[in-house]
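J.: Fold the following for me, if possible:
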Amino acid sequence: MTAKNKLYHFVGIKGSGMSSLALVLHEKGYRVQGSDVEEYFFTQRDLEKAGIKILPFDAANIEADMVIIAGNAFPDT
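T.: Take a look at the predicted model:
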């Protein structure tokens, strides 16, 4: 599987840095999704416009073949 065929999952995707990185990867043709709190943040507007899936935090969102990108805003749990 090539890097562009993998799914990149951002934990805390609504963060200012994470949302920007997710958008850059998406614009370069990578498959991107992420999870975050359900509260609305202005940073999610462009993610939604790009069609990037934003999920609530749930361990069930994580699959073995994903590339996980996690910042330091939330604990590993």
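J.: any idea of the mean pLDDT in the longest helix seen in the chain?
T.: Secondary structure of the chain per DSSP state H: the longest helix is helix 16-27. Here helix 16-27 scores 96 as its mean pLDDT.
J.: what's next to stretch 62-69, contact-wise?
T.: Contacts of stretch 62-69 with the rest of the structure, by Cβ atoms under 8 Å, 6 or more residues apart in numbering, involve Met1, Lys6, Leu7, Tyr8, His9, Phe10, Val11, Met18, Leu21. Backbone N, C-alpha and C define where each C-beta goes, glycine included.
J.: For the buried ones among those, write the corresponding PyMOL selection.
T.: Only the buried entries of the contacts of stretch 62-69 go into this PyMOL selection, using 16 or more other Cβ atoms under 10 Å:
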select buried, resi 8+9+10+11+18+21
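J.: returning to that earlier point: which elements pack onto the longest helix of the chain?
T.: The contact analysis (3 or more Cβ pairs under 8 Å, 6 or more residues apart in numbering; DSSP states H and E) places helix 16-27 against strand 7-11, strand 31-36, helix 44-49.
J.: ok so, going back, which one of the contacts of stretch 62-69 is nearest Ile54?
T.: Phe10 (9.2 Å; Cβ to Cβ).
J.: Bridged to that closest one, which residues?
T.: Beta-bridge pairing for Phe10 (DSSP bridges): Gly34, Ile69.
J.: Most widely separated two among the contacts of stretch 62-69?
T.: Maximum pairwise distance in the contacts of stretch 62-69, criterion Cβ to Cβ, is 23.2 Å, between Met1 and Met18.
J.: what residues are up against the nearest residue to Val32 once chain neighbours are set aside?
T.: Excluding its sequence neighbours, the residue lying closest to Val32 (Cβ to Cβ, 6 or more residues apart in numbering) is His26, at 4.6 Å. Contacts for His26 (Cβ under 8 Å, 6+ apart) come out as Val32, Ala50, Ile52.
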